[in-house]
Structures are given as C-alpha cells and as structure tokens.
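> here's my sequence, what's the structure:
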Amino acid sequence: MNTLTVPVYTLEQDEFSAGKQFRVYNFEGDFPHRSDLLIPHRKDHYLIVFIRKGGSRQWIDMNSYILNDNTVYFSGPSQVIVKEEVKQLWSTGIAFTKEFLSLQENAALLKLPLIVNPFNGFELKLTAADTVFIDDLMQKITIEYKQAGEWQQRMLSAYLTILLTYLSRLYTAQYKGNDLSSEQQLLKRFQEKIDVCYQQYHEVNDYASMLNISSGHLSDVIRNQSGKPAIKHIHDRLIMEARRLLFHTNQPLKDISFHLGFADTSYFNRFFKRETGLTPATYRDQTRAMYP
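Take a look at the predicted model:
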C-alpha cells in the first residue's frame, strides 16, 4: 500500500485481559471503529475470527474477502489488513501473541499449519458440524476469559490448543496441495503490481506490458484464478483508496480524482457510482454520518 506508512497495531488490554498476550473480541451487530476503517495496517499478533454474520469486505495481503457467515478468517503479524466497508458484524475474535504460544505448554503450537500458514490462506469454510464445534468452543473461551483466577491462563491455553489443532486440520484439508502454480504466481505478481501502480495505470494492457505477457493471456489467467476479471482487480484497488480518502480526509473531489489518476472529475464521479452505487459526495456524507 504505497500511499501511506502501514501502522502496526498492538494487542491492547481490556478489563478482562491479564496482560498484552491474549484477548477475546465479541461483536454483536457492532460497526468497525472509525480509526480502523480503510486504513491499511498490520498487527503484532495472530488473530482468528469466527464470523457468525458478516457481509462486509476485508482485504488481507491484497486479497479481498467478503466475510461470509459461519466462516473462520485468520491472519498473522506479517499480513497487511484493510477493513473496507461500514457494516454490522456478529463475530468472536481470538487474538494472541507469539509469546503466548511460546509458553512451555504451548511451544508446539508454533509449528501448527494454521500458524505457519505455508499456503498463504486466510479463510476456512466450515461444515454444519464444524460451525457447531467452533461456536461452542468460542463461547467456552469467552466465558473463561471473563473469569479471572489462577486457572484462567491454563484453561485458555487448553482451549486455544484445541482450537488451533482443529483449525489446522481444516486448513490442511482445504489447502493441501496448493503449492503456487505458475498461474497463481502470475495472479500474485499482478496484484503486487496493482498495489504499486494503480494511481498511474488503470488498464489491463498496462499491467500485461509490465509482466511481459499479452493482455488476453493475463485476463484469462486472472479470471480463472480469482473468479473475477483482471480489470475488476484494478477497479477494486482504486475504489478502496477512494473510500479511504473520502472518509479520512477533507480533500475536495477534484484533488482525489487527480490523486487517483483521473484527469476528469466527472469521470471519476461516474466510475465511483458505477462501482459502489453511490456518488463520492454521497458516500462521504453517509459514512461520516455514522461516525460523527
């Protein structure tokens, strides 16, 4: 993300946490904090989130995900994360540091597939049975988290061991054999080029030239690997940055459109409305009304 320095968010304490190594987050129809919205950032810890009811979009390392119901999403300290949309969320998140896993009882957890993440995956689809198991375990962790006492850390460690082991089994089943093929590597390089060049270049032809392949071949590969057209990847990155600027700055539309490489403000307005259903001005007013 080349337009701003990527901040690193630490694991902050709340009224229940005994230290800065473990925390539980519960959202019951909550909205994201204003300070989190549309800001690319890293975390200095691991995060596992069980989405009960989602629908908003989030980016992890330039991969966009619609947060699906009854699905687990996870990330580690190296990933760049962006929360893009203002939508309510019902979920439970478990955050923990490497230090927490390094405790004597937890040392082996550092080698689990979910933690090592060799296939660079961030989403786990759950069966109905998986959903019941994970939901029950998340509730047990939440209850224990709110009960301070001499056994709390041991109980949390035990529950986390079960959670990570169970999810690692799902991870291996879903991602095993997913060594990056040449086409997957091309998708990754394409996304990396977009992140650097989206302000200057808006056409698939431009990126095909950078990658020394034909635009037709690039389009075919990107659609096959991602399920959406190559041009959509470019537009999604432009829209995310436009939303960030509209929400977090007071720059006039003319300046934002120029910043994003649009020579004509009216074209930028049409582009933004086509992609989001709202004009830039309406988007700015509506999102700021939610965060006065």
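
> with only the CA atoms kept, save stretch 147-159 in PDB.
The C-alpha trace of stretch 147-159 is given here as PDB (Å, rounded to 0.1, in the frame of the first residue of the first chain):
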ATOM      1  CA  GLN A 147     -13.300 -15.300  34.900                       C
ATOM      2  CA  ALA A 148     -10.100 -14.100  36.400                       C
ATOM      3  CA  GLY A 149      -8.300 -16.600  38.600                       C
ATOM      4  CA  GLU A 150      -5.200 -18.800  39.000                       C
ATOM      5  CA  TRP A 151      -6.600 -21.400  36.500                       C
ATOM      6  CA  GLN A 152      -7.500 -18.900  33.800                       C
ATOM      7  CA  GLN A 153      -4.300 -19.000  31.700                       C
ATOM      8  CA  ARG A 154      -4.200 -22.800  31.800                       C
ATOM      9  CA  MET A 155      -7.800 -23.000  30.700                       C
ATOM     10  CA  LEU A 156      -7.300 -20.500  27.900                       C
ATOM     11  CA  SER A 157      -4.200 -22.300  26.800                       C
ATOM     12  CA  ALA A 158      -6.000 -25.600  26.800                       C
ATOM     13  CA  TYR A 159      -8.900 -24.200  24.800                       C
END
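
> what does the stretch of helix or strand residue 49 belongs to contact?
Using DSSP states H and E, the element containing residue 49 is strand 46-53. Under the contact criterion CB atoms under 8 Å, 6 or more residues apart in numbering, strand 46-53 has outside partners 25, 67-77, 88-98, 101, 114-115, 134-135, 138, 163-164, 167. The way it works is simple: take the backbone N, C-alpha and C, and place the C-beta from them, glycine included.

> among the residues you listed, name the ones in strands.
Among the contacts of strand 46-53, the ones falling in strands (DSSP state E) are 25, 71-75, 89-96.

> quick check: the gap between residue 232 and residue 291.
Distance, residue 232 to residue 291, using CB to CB, to the nearest Å: 28 Å.

> just to revisit the earlier point, so how far is the helix or strand that the strand holding residue 49 is followed by from its chain's centroid?
Counting by DSSP H and E, the next helix or strand C-terminal to strand 46-53 is strand 57-60. Centroid separation between strand 57-60 and its chain, computed with CA atoms, centre = their mean, to the nearest Å, is 3 Å.

> now for strand 57-60, which elements pack on it?
Helices and strands touching strand 57-60, by 3 or more CB pairs under 8 Å, 6 or more residues apart in numbering; DSSP states H and E, are strand 63-66, strand 71-75, strand 81-83.

> any idea of the angle the longest helix along the chain forms with strand 46-53?
As assigned by DSSP state H, the longest helix anywhere in the chain is helix 152-175. Orientation of helix 152-175 against strand 46-53 (axes from the mean of the first three to the mean of the last three CA atoms, to 10 degrees) gives an angle of 70 degrees.

> what residues sit buried inside helix 152-175?
In terms of neighbour count (16 or more other CB atoms under 10 Å), helix 152-175 has its buried residues at 152-153, 155-161, 163-164, 167-168, 170-171, 175.

> start to end distance for stretch 196-214?
Its first and final residues considered, stretch 196-214 spans 20 Å by CA to CA, to the nearest Å.

> distance between it and the chain's centre?
Using CA atoms, centre = their mean, the offset of stretch 196-214 from its chain centre is 24 Å.
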